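Enquirer: Using only what follows, build the 3D model:
(chains A, B, C, D, E and F)
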4 protein chains.
Amino acid sequence: MSDIIFSQSSPDKPKATTKPSISSGAQNILAAAEELFAQQGYSSISINAIAKQAGVSKANVFHHFETKEMLYMAVLQNASTEMSDLIAELDSGNGSASQQIGHYARQHLQNLFDKARVTQLILRELQQGDKDESFQLVRNTLNKNFTSIVNIIKKFQERGEFRQDIEAAMIATVLIGCNLFYFQTHSVLDSFPELAFAKDPDNYCKQLTDILLRGIENKNAEDRGSS
Amino acid sequence: MSDIIFSQSSPDKPKATTKPSISSGAQNILAAAEELFAQQGYSSISINAIAKQAGVSKANVFHHFETKEMLYMAVLQNASTEMSDLIAELDSGNGSASQQIGHYARQHLQNLFDKARVTQLILRELQQGDKDESFQLVRNTLNKNFTSIVNIIKKFQERGEFRQDIEAAMIATVLIGCNLFYFQTHSVLDSFPELAFAKDPDNYCKQLTDILLRGIENKNAEDRGSS
Amino acid sequence: MSDIIFSQSSPDKPKATTKPSISSGAQNILAAAEELFAQQGYSSISINAIAKQAGVSKANVFHHFETKEMLYMAVLQNASTEMSDLIAELDSGNGSASQQIGHYARQHLQNLFDKARVTQLILRELQQGDKDESFQLVRNTLNKNFTSIVNIIKKFQERGEFRQDIEAAMIATVLIGCNLFYFQTHSVLDSFPELAFAKDPDNYCKQLTDILLRGIENKNAEDRGSS
Amino acid sequence: MSDIIFSQSSPDKPKATTKPSISSGAQNILAAAEELFAQQGYSSISINAIAKQAGVSKANVFHHFETKEMLYMAVLQNASTEMSDLIAELDSGNGSASQQIGHYARQHLQNLFDKARVTQLILRELQQGDKDESFQLVRNTLNKNFTSIVNIIKKFQERGEFRQDIEAAMIATVLIGCNLFYFQTHSVLDSFPELAFAKDPDNYCKQLTDILLRGIENKNAEDRGSS
DNA sequence: CATGAATGAGGTTTCATTCAT
DNA sequence: TATGAATGAAACCTCATTCAT
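Expert: I've put the predicted structure just below:
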């Protein structure tokens, strides 16, 4: 199903339509900056590199963004918005609790790869932990993201389908943590023979949800109760 | 138990005894570089900053390490060794499978924090994914790390204590992935009210292993088999 | 006639008209670099020195020339072009073979001093003999220079005015070699009492051509033949 | 006779015997410095490079020579002495004036190549023309060199074998100038098809003396006198 | 005699930024 | 809107030199 991990759907085109307020010149720069910052981080990317990638002059970058810092913030802002949009569209489908969680996990993982640059930008921010302004942005985005899945889980807990002696947030953590770990390590899977099975993200996701669901389903408790 | 997440035991002093081959001058620089690179990454740390932190002249840094790149490699080498040593000492205790896994998870998380700088360095490398030489180092270290826990799990699978229809590597992934996720996000826990429970790493670890163990224990299968 | 060896006619002003393609900023830098490189050589001249001489900032030098090496190449390119232009204008006058050679020798010597900086740059390159790219340039220029005089001599050989049992190139070598030697040593003439006569380049040139012509004129051969 | 220009006889060994006052350690350094300075000039050669070439530590260089400048002076001093020794041994043979000049020219050219490093060092100094102390040394050496050949020529002029209306120093200049020019350009002869004949230095020397002698011999004057 | 450690000064080059056009 | 010219600051790195051993 997935040839090179994921069919990396081109995610850049629709931007222009969603954000018509920013000139196309600025959009070019923003896109170039996003790509480079995601790949290499803030400090190792020069305005010159961004200008070249965007096909404009260095001065033009400063014409659109006051400072490098502000360009970075704009990139982050953009990324956060994209991420939020994506989460808003996240749909846990309908069906049993198990099916919904499985669907959600798979879709979440897909999103990480579809918006790989955004994901990387956010992971970078997570690792810094100090930069004041930029951090706020990311934190809020993550919070939104996180709350969305937590609420779904809580719903199932209230319905009695999931154990209630486990924090919903903990369950969400396992789901998101493992998906992020997969995203971070997928490029290195070749060197881990033990992880060969994980080259197919579908397979990975299936096994993850298998463990997770069995670990949290109330069915087990019933089984025990019956004993 | 843990005031600020973990009592961050000072991990730098014993180095001199374990590695007497490197002069103390070089060791100072190495330690300074490790700290700064871990905090801020490669490109945003200048040799000047490292020199100041180490209390030596800029030129002296180049006396001991030919280039900034080579200093970074030495730091990484050092970190990988430390990490490997730590893993070698990882002890899954004795007791039931559940207890051993629980013990291992807790100890592993503790190690991440005890060697926070090393952990950060390696996470940074994971995120880059292209740098040839430096990457090899980290990959090997991770591989060793990973294999260690996979083997423990396989043992329990063979004994029939854990399900065999789940890849041992997948189980290890959940354990390590969640621990790393915790490490990466713990500085931001304050902003996530849902995750308040996780401020205590013991609590986090307990809930994680609770889910994980229930998800993989063979007991459940037996229960089902009896139904 | 020559106060301090030669009236060193200012050779920099016309450049702007002959090479309008290069901005005046770059021209300033190029001129400064030419002067300093000619005086002191490549390695002992810093970009800082060039910037100061040109009245611009160090960074501005790199705005116009990517590296010090490339600036040097541009200087050499410029010098080679100037030299070629000069040679193209070299005019052996009209009159007897003797007069033409005498005229040529004197004019060639004059050129060496008029374009003293260019001459020095080329002599320096001759001495290195390894630098790939820069050397090609100089070699080509010298070749052109050399061929020009060789052809004149060949003409006279064909007319029977000069001996044909001597290579034209050898005759050219004497002419150019002695002129270059004069150029290289003129600053030290004071310390060589024997060479006092040579302080006047006209005198030097007259004596040189006197020897040379008598050595190559066919007239002598005829005299002998008649005996 | 000459395969690759000249059979470059190893000229370094006898030094130890001629200068037993200097320790062998210092001699190593001196030899290394001579080679490198001759090849690349003063400023582009670092003490480090010299130390490596000599197989000693950088500090050891300063143990033997107070400063880089003083090491350079020692190299120059050494070179000047070698050159003087060589000139003192220069032997114009016995035979006719023509033969003696021819012999001298050939031997002088041979010396330039045998002591190529020394020759290069001195040519470099000639090109600088400002460095106070170092220059004195070279000037004196050249003066001695020059006077030696001038005196030989004067002898023949007095005997009436050479014209007296030409300065002896001018004749010497042609001889030395052309030989030095040959030395400076021999590495580039390949690219000058016209100069193919000069690949054999014997041939070059023969043609040079042919021209020179015919240009200065008094025989010609006699011929004219008879007309 | 010989060396490794250490350093201040200075080298080339890069960077973010400004400004006139 | 867009750019080339210009620059001060700071990056990495080299250099000649000193000193303790």
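Enquirer: quick one: A:D114 from chain B, how far?
Expert: In this view, A:D114 and chain B are 18 Å apart by C-beta to the nearest C-beta, to the nearest Å. (Each C-beta comes from the backbone N, C-alpha and C, glycine too.)
Enquirer: I should have written A:V118 there, sorry.
Expert: 14 Å.
Enquirer: That residue and A:E125, how far apart?
Expert: Relative to A:E125, A:V118 is positioned 11 Å away (C-beta to C-beta, to the nearest Å).
Enquirer: just A:I153 next, same as before
Expert: In this view, A:I153 and A:E125 are 25 Å apart by C-beta to C-beta.
Enquirer: Of all residues in chain A, which one is nearest the centre?
Expert: Using C-alpha atoms, centre = their mean, the residue of chain A that lies closest to the mean C-alpha position is A:L112, 3.9 Å off.
Enquirer: Tell me if I'm right that that residue and A:C178 touch.
Expert: No: the criterion here is C-beta atoms under 8 Å, and A:L112 misses it with A:C178 at 11.2 Å.
Enquirer: Show me where chain A has its strands.
Expert: Assigned by DSSP state E, chain A shows no strands.
Enquirer: Quick check, pLDDT for A:F156.
Expert: The model reports A:F156 with a pLDDT of 89.
Enquirer: For it, list the residues it contacts.
Expert: Listed by C-beta atoms under 8 Å, 6 or more residues apart in numbering or on different chains, the contact set of A:F156 reads A:97, A:100-101, A:162.
Enquirer: And those residues, which two are furthest apart?
Expert: Largest separation among those by C-beta to C-beta: A:Q100 and A:F162, giving 10.9 Å.
Enquirer: the more surrounded of these two?
Expert: Using other C-beta atoms under 10 Å in any protein chain shown, the more surrounded residue of A:Q100 and A:F162 is A:F162, with 25 against 19.
Enquirer: Can you tell me, leaving aside adjacent residues, what's nearest to the residue of chain A found nearest chain C?
Expert: Chain A approaches chain C most closely through A:K58 (10.8 Å), counting by C-beta to the nearest C-beta. Nearest residue to A:K58 in three dimensions, chain neighbours excluded: A:A51, at 4.5 Å (C-beta to C-beta, 6 or more residues apart in numbering or on different chains).
Enquirer: go on, A:G215?
Expert: Using C-beta to C-beta, 6+ apart, the closest residue to A:G215 is B:G215 (3.1 Å).
Enquirer: gap between A:G55 and A:A32?
Expert: Relative to A:A32, A:G55 is positioned 8 Å away (C-beta to C-beta).
Enquirer: These two - which one has more neighbours?
Expert: Each of A:G55 and A:A32 has its neighbours counted (other C-beta under 10 Å); A:A32 has more, 22 against 10.
Enquirer: any idea of the pLDDT on the residue nearest to the centre of chain A?
Expert: As predicted, A:L112 sits at a pLDDT of 92.
Enquirer: roughly how far apart are it and B:I211?
Expert: A:L112 sits 21 Å away from B:I211, going by C-beta to C-beta.
Enquirer: Thought A:L86 was touching A:K115, still the case?
Expert: Yes: A:K115 sits in contact with A:L86 when judged by C-beta under 8 Å, with a separation of 6.4 Å.
Enquirer: thinking again about what came up before, closest to C:I171 among the contacts of A:F156?
Expert: Taking C-beta to C-beta as the measure, A:I101 is the one of the contacts of A:F156 closest to C:I171, at 97.0 Å.
Enquirer: so where's chain A uncertain?
Expert: Applying pLDDT under 70 to chain A flags the ranges A:1-22, A:92, A:129-131, A:217-227.
Enquirer: Tell me the residues on it that lie near DNA strand E, please.
Expert: By the rule C-beta under 7 Å from any atom of the strand, the part of chain A lying against DNA strand E is A:45-49, A:58-59, A:61-62, A:66-69.
Enquirer: Could you report the neighbour count for A:F192?
Expert: Neighbour count of A:F192, defined by other C-beta under 10 Å: 18.
Enquirer: OK, contacts around it?
Expert: A:185, B:142-143, B:146, B:169.
Enquirer: roughly how far apart are it and DNA strand F?
Expert: Separation of A:F192 from DNA strand F (C-beta to the nearest atom of the strand, to the nearest Å): 32 Å.
Enquirer: A:A33 too?
Expert: 15 Å.
Enquirer: hang on, that residue packs against A:M73?
Expert: No: in this structure A:A33 lies outside contact range of A:M73 using C-beta under 8 Å: 10.6 Å.
Enquirer: of the two, who's got more company?
Expert: Remark: of A:A33 and A:M73, A:A33 carries more neighbours, 26 against 16, as counted by other C-beta under 10 Å.
Enquirer: Contact partners for that one?
Expert: Contacts of A:A33 by C-beta under 8 Å, 6+ apart are A:45, A:50, A:54, A:71-72, A:74-75.
Enquirer: Tell me the one of these nearest B:A38?
Expert: Nearest to B:A38, judged by C-beta to C-beta, of the contacts of A:A33 is A:I45 at 20.5 Å.
Enquirer: What sits closest to the closest one if chain neighbours are left out?
Expert: That would be A:L36: by C-beta to C-beta, 6+ apart, it lies 4.6 Å from A:I45.
Enquirer: And for A:L208?
Expert: Nearest residue to A:L208, sequence neighbours excluded (C-beta to C-beta, 6+ apart): A:C178, at 5.3 Å.
Enquirer: What distance do you get for A:N48 to A:A54?
Expert: 11 Å.
Enquirer: Up against DNA strand F, what does chain A have?
Expert: For chain A, the residues in contact with DNA strand F (C-beta under 7 Å from any atom of the strand) are A:23, A:25, A:56-60, A:62-64.
Enquirer: Restricted to helices, list those.
Expert: Counting by DSSP state H, the part of those found in helices is A:25, A:58-60, A:62-64.
Enquirer: got a markdown table for those, with distance to D:A196 too?
Expert: Output for these, formatted as a markdown table (distance: C-beta to C-beta, whole Å):
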| residue | distance to D:A196 |
| --- | --- |
| A:G25 | 62 |
| A:K58 | 53 |
| A:A59 | 56 |
| A:N60 | 57 |
| A:F62 | 60 |
| A:H63 | 61 |
| A:H64 | 63 |
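Enquirer: Just the buried ones out of the residues you listed, please.
Expert: A:60, A:64 (16 or more other C-beta atoms under 10 Å in any protein chain shown).
Enquirer: Could you point out the member of the ones in helices among the residues of chain A next to DNA strand F that lies closest to C:S80?
Expert: A:K58 (32.7 Å).
Enquirer: Who are the contact partners of the closest one?
Expert: Taking C-beta under 8 Å, 6+ apart, we find A:K58 in contact with A:47-48, A:51.
Enquirer: Ok, A:E133 next?
Expert: Contacts of A:E133 were listed using C-beta under 8 Å, 6+ apart, and they are A:M73.
Enquirer: Show me what counts as buried in the longest helix belonging to chain A.
Expert: Ranked by number of residues, the top helix in chain A under DSSP H is helix A:132-158. Across helix A:132-158, burial judged by 16+ other C-beta under 10 Å covers A:134-135, A:137-139, A:141-143, A:145-150, A:152-154, A:156-157.
Enquirer: Equivalent analysis for stretch A:39-59, please.
Expert: A:39-42, A:45, A:47, A:50-51, A:53-54, A:56.
Enquirer: what's the most distant pair in those residues?
Expert: With distances taken as C-beta to C-beta, the most widely separated pair in the buried residues of stretch A:39-59 is A:G41 and A:V56, at 21.8 Å.
Enquirer: Name the nearest residue to A:R106, ignoring sequence neighbours.
Expert: Nearest residue to A:R106, sequence neighbours excluded (C-beta to C-beta, 6+ apart): A:C205, at 4.7 Å.
Enquirer: Tell me where chain A has helices.
Expert: For chain A, the helices defined by DSSP H cover A:15-18, A:24-40, A:47-54, A:58-64, A:68-89, A:97-114, A:116-128, A:132-158, A:168-185, A:201-216, A:218-226.
Enquirer: For C:T173, find the nearest of those helices.
Expert: Comparison of these against C:T173 by C-beta to C-beta identifies helix A:47-54 as nearest, at 50.7 Å.
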